[in-house]
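K.L.:
Model the following, please.
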Amino acid sequence: MPDILPNPAAAAPPSPVLQVESLTLAFGGVRALSGVGFEVAPGSITAVIGPNGAGKTSLFNTISGFYRPGAGRVLFEGRDITTLPAPQRARLGLARSFQNIALFRGMTVLDNIKLGRHAHLRSNVFDALLYLGRARREEAELRREVEERIIDFLEIDHIRHAPVSALPYGLQKRVEMARALAMQPRVLMLDEPVAGMNREETEDMARFILDVRDEWGVTVLMVEHDMGMVMDLSDHVVVLNFGQVIAQGAPAAVQADPEVIRAYLGAGDVAALRDRLRGAATTAAQA
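P.N.:
Got it, this is the predicted structure:
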């Protein structure tokens with residue numbers, strides 16, 4: 001009986017949905033990023049972690065188009081988007097939330113979420129001003145999509161007509177995630193999605209992030225300081241320190257890496273922080 005040779009195409013892993021190659025970013029004499037590189041697999045949750053000032057938000061701003069790198073490339077689904085402005089990246093399917101909530105506080109929850117879809121609307125200014133057929137149809141379709149899918153999914157139906165300014169912090173973060181989902185992302189970038197939340201709010205947000213990946217098929221890239229959440233949710237972890245990648249890989253490998261532990265603790269008690277990280281992951285798994 002002849003040997004059956006494996007099919008190389010079948011064994012090959014899927015192409016990365018996002019590739020960051022040797023990114024360098026400087027502000028005057030201060031280098032925020034230095035040769036940063038990693039890949040994000042489709043359908044994964046990838047976390048970027050590191051001490052304060054490590055360059056995490058600078059990295060997010062560069063990937064999403066708010067900063068232009070001095071060197072290196074950003075590829076989205078194989079396409080070089082390094083020089084594309086942020087709105088064009090959003091239209092391609094790269095959406096993000098912000099570390100500091102960037103909602104319109106005087107507008108309702110529903111109207112804030114609807115703004116996330118503006119990059120995909122086809123009606124022109126003339127249609128919109130006169131509220132002609134195409135603009136009217138798009139408005140009805142958008143409202144139905146937002147109310148029946150996104151608002152229900154994130155369990156915020158009871159506040160859809162409330163002004164954002166009247167909401168507690170945790171719900172505002174959820175509304176910002178809803179607005180990013182309205183952009184129909186293929187990659188959702190979340191900048192500290194549970195910062196400032198209590199335990200119940202954190203658990204809710206963690207559940208929504210998992211559901212976005214599992215039910216909607218959206219790839220997630222997040223910056224987060226909550227180590228329990230990172231270790232519990234992530235498929236891949238990238239660690240930055242002083243603008244450089246010092247480690248990346250599976251959560252279990254990263255949390256045991258001595259270089260990662262030193263970055264968080266300095267040259268002191270490495271064993272103590274290793275125990276702390278393992279304890280955070282255990283607590284998250286038991287919750």
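K.L.:
ok, the residue nearest the centre of the chain - contacts?
P.N.:
Centroid check for the chain by Cα atoms, centre = their mean gives Met189 as the closest residue, at 1.9 Å. Counting by Cβ atoms under 8 Å, 6 or more residues apart in numbering, Met189 makes contact with 60, 63-64, 94-97, 180, 221-222. Bear in mind the C-beta positions are built from the backbone N, C-alpha and C, glycine included.
K.L.:
Same list, those residues, but as JSON lines with neighbour count please.
P.N.:
Output for the contacts of Met189, formatted as JSON lines (neighbours: other Cβ atoms under 10 Å):
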{"residue": "Phe60", "neighbour count": "23"}
{"residue": "Ile63", "neighbour count": "26"}
{"residue": "Ser64", "neighbour count": "21"}
{"residue": "Leu94", "neighbour count": "26"}
{"residue": "Ala95", "neighbour count": "24"}
{"residue": "Arg96", "neighbour count": "25"}
{"residue": "Ser97", "neighbour count": "23"}
{"residue": "Ala180", "neighbour count": "23"}
{"residue": "Leu221", "neighbour count": "27"}
{"residue": "Met222", "neighbour count": "25"}
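K.L.:
Among those residues, which lie within helices?
P.N.:
Using DSSP state H, 60, 63-64, 180 are the members of the contacts of Met189 that sit in helices.
K.L.:
Please state the mean pLDDT value computed over stretch 192-202.
P.N.:
For stretch 192-202, mean pLDDT is 90.
K.L.:
buried ones in it?
P.N.:
In terms of neighbour count (16 or more other Cβ atoms under 10 Å), stretch 192-202 has its buried residues at 192-195, 197, 201-202.
K.L.:
and Met177, how many neighbours?
P.N.:
Counted with other Cβ atoms under 10 Å, the neighbours of Met177 add up to 23.
K.L.:
Contacts only, for it.
P.N.:
Met177 sits next to 97, 154, 190, 193, 205, 208 when contact means Cβ under 8 Å, 6+ apart.
K.L.:
This structure - how does it break down into domains?
P.N.:
15-93+185-252, 103-183 (automatic domain parsing).
K.L.:
Comparing the ones you listed, which yields the minimum mean pLDDT?
P.N.:
Taking the mean pLDDT of the domains of the chain, domain 103-183 comes last: a mean of 76.
K.L.:
Can you give the distance of stretch 160-169 from its chain's centre?
P.N.:
23 Å (Cα atoms, centre = their mean, to the nearest Å).
K.L.:
Equivalent analysis for stretch 162-173, please.
P.N.:
Taking Cα atoms, centre = their mean, one finds stretch 162-173 lying 20 Å from the centre of the chain it belongs to.
K.L.:
Tell me which residues are up against it.
P.N.:
97, 101, 103-109, 112, 156, 159, 175, 193-194, 196-198, 201, 204-205.
K.L.:
in it, what counts as buried?
P.N.:
164, 167, 170-173.
K.L.:
Keep only those of these that are in strands.
P.N.:
Secondary structure from DSSP state E places none of those in strands.
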